[in-house]
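Asker: Predicted structure and sequence below. I'll ask about it afterward.
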Amino acid sequence: MPQLSTRINHIYQKVEHLREAHRKLRAEYLDIVTERDNLRKKTEQQQQKIQELENKLKLMKLSRSSALSQEDNKELRNNLEDIIQEIDRCINMLND
């Protein structure tokens with residue numbers, strides 16, 4: 001009988017040890033799941049931020065290209081005005 005009682009106590013201690021190990025592993029698992037969820041949210045937020053920045057970059061490029069084309073248009077008008085004046089002078093010279 002004392003041997004049986006010792007064995008039962010030994011088994012009980014092993015069961016308690018396993019239960020404690022299970023509790024610790026469960027807590028670690030829940031921490032890891034929480035961390036994973038937080039990382040997923042952070043990744044989604046960063047993806048959204050990247051998309052916003054890409055859109056801003058596109059808008060900046062568009063505004064920059066339209067600003068350049070306005071400058072080009074102004075320069076082109078000035079050149080055309082110079083050419084028209086030159087043509088007018090030539091016509092006047094031919095008429096005289």
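Answerer: Sure thing, it's come through. Bear in mind that the values here come from a model prediction, so they are computed numbers and not experimental data.
Asker: From the chain's centroid, how far away is the one helix or strand Glu44 maps to?
Answerer: Under the criterion DSSP states H and E, the helix or strand holding Glu44 is helix 2-95. Relative to its chain's centre, helix 2-95 lies at 0 Å (CA atoms, centre = their mean, to the nearest Å).
Asker: Check stretch 88-96 too.
Answerer: 64 Å.
Asker: Show me which positions of that stretch end up buried.
Answerer: For stretch 88-96, a neighbour-count test (16 or more other CB atoms under 10 Å) marks nothing as buried. No exception for glycine: its C-beta is placed from N, CA and C like everyone else's.
Asker: hmm, who's touching it?
Answerer: The set of residues that contact stretch 88-96 without belonging to it, under CB atoms under 8 Å, 6 or more residues apart in numbering, is empty.
Asker: any idea of the mean pLDDT in that stretch?
Answerer: Confidence over stretch 88-96, taken as the mean pLDDT, stands at 85.
Asker: now stretch 22-36
Answerer: For stretch 22-36, mean pLDDT is 98.
Asker: could I get that stretch in CSV with only the CA atoms?
Answerer: C-alpha atoms of stretch 22-36 as CSV (Å, rounded to 0.1, in the frame of the first residue of the first chain):
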residue,chain,number,x,y,z
HIS,A,22,0.2,23.9,-20.0
ARG,A,23,-0.9,27.1,-18.3
LYS,A,24,2.5,28.8,-19.2
LEU,A,25,2.3,27.6,-22.8
ARG,A,26,-1.3,28.8,-23.1
ALA,A,27,-0.3,32.2,-21.8
GLU,A,28,2.6,32.4,-24.2
TYR,A,29,0.3,31.3,-27.1
LEU,A,30,-2.2,34.0,-26.2
ASP,A,31,0.6,36.6,-26.1
ILE,A,32,1.9,35.5,-29.4
VAL,A,33,-1.6,35.6,-31.0
THR,A,34,-2.1,39.1,-29.6
GLU,A,35,1.3,40.2,-30.9
ARG,A,36,0.5,38.7,-34.3
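Asker: Name the surrounding residues that touch that stretch.
Answerer: The contact list for stretch 22-36 (CB under 8 Å, 6+ apart) is empty.
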